[in-house]
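> What follows is a protein structure lacking sequence information:
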């Protein structure tokens, strides 16, 4: 089993339900952990044969988050997890989404979800 991590993916989106959050994009920070199997033939050939394309998944996440509108951090986190798990090569995934400065005296608030098959 191989674990892929994407760290501190910073994206701007509409997140929240307060009046100012509905009209102003905010930063979210996304961290992903994905477990997959890298086939022996891909390792032997040093070629991307039958491997998980984490770049393609990351690009899909960026588009979905940038173009979306989310009232709840829980919904955003679940949608990212669903997008990742849609790839059959993913065996397990964990997503953490941070919303910086969501609380007055806190650096951020984060939501973490995971799923496996």
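Done, it's in. Here the structure is a predicted model, which is why all the values come from computation and not from measurement.
> Could you use CA atoms for every contact and neighbour count after this?
Will do.
> Heading C-terminal from the helix or strand of the chain with the lowest mean pLDDT, find the next helix or strand.
Within the chain, no helix or strand scores below helix 40-45, which has a mean of 91 by mean pLDDT, DSSP states H and E. Counting by DSSP states H and E, the element after helix 40-45 in chain order, helix or strand, is helix 54-67.
> The least confident helix or strand of the chain: which residues count as buried?
With burial defined by 16 or more other CA atoms under 10 Å, not one residue of helix 40-45 is counted as buried.
> mind listing the strands in the protein by residue range?
With DSSP state E, the ranges of strands along the chain come out as 2-15, 26-36, 69-70, 90-100, 108-116.
> Tabulate those strands (TSV), appending mean neighbour count.
Output for the strands of the chain, formatted as TSV (neighbours: other CA atoms under 10 Å):
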stretch	mean neighbour count
strand 2-15	16
strand 26-36	19
strand 69-70	17
strand 90-100	20
strand 108-116	15
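> Return the per-residue confidence for the nearest residue to residue 62 once chain neighbours are set aside.
Nearest non-adjacent residue to residue 62, counting by CA to CA, 6 or more residues apart in numbering: residue 11, 6.9 Å away. Note on residue 11: pLDDT of 98.
> repeat for residue 106
For residue 106, pLDDT reads 92.
> ditto for residue 99
Per-residue confidence at residue 99 stands at 97 (pLDDT).
> May I have the beta-bridge partners of the closest residue to residue 7 other than its chain neighbours?
Closest residue to residue 7 apart from its sequence neighbours, by CA to CA, 6+ apart: residue 31 at 4.8 Å. Going by DSSP bridges, residue 31 is paired in beta bridges with residue 96.
> what sits against the residue nearest to residue 62?
Applying CA atoms under 8 Å, 6 or more residues apart in numbering, we find residue 11 in contact with 27-30, 62, 65-66.
> Turn the residues you listed into TSV, columns for distance to residue 18.
Formatted as TSV, the contacts of residue 11 follow (distance: CA to CA, whole Å):
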residue	distance to residue 18
27	15
28	16
29	20
30	22
62	23
65	18
66	19
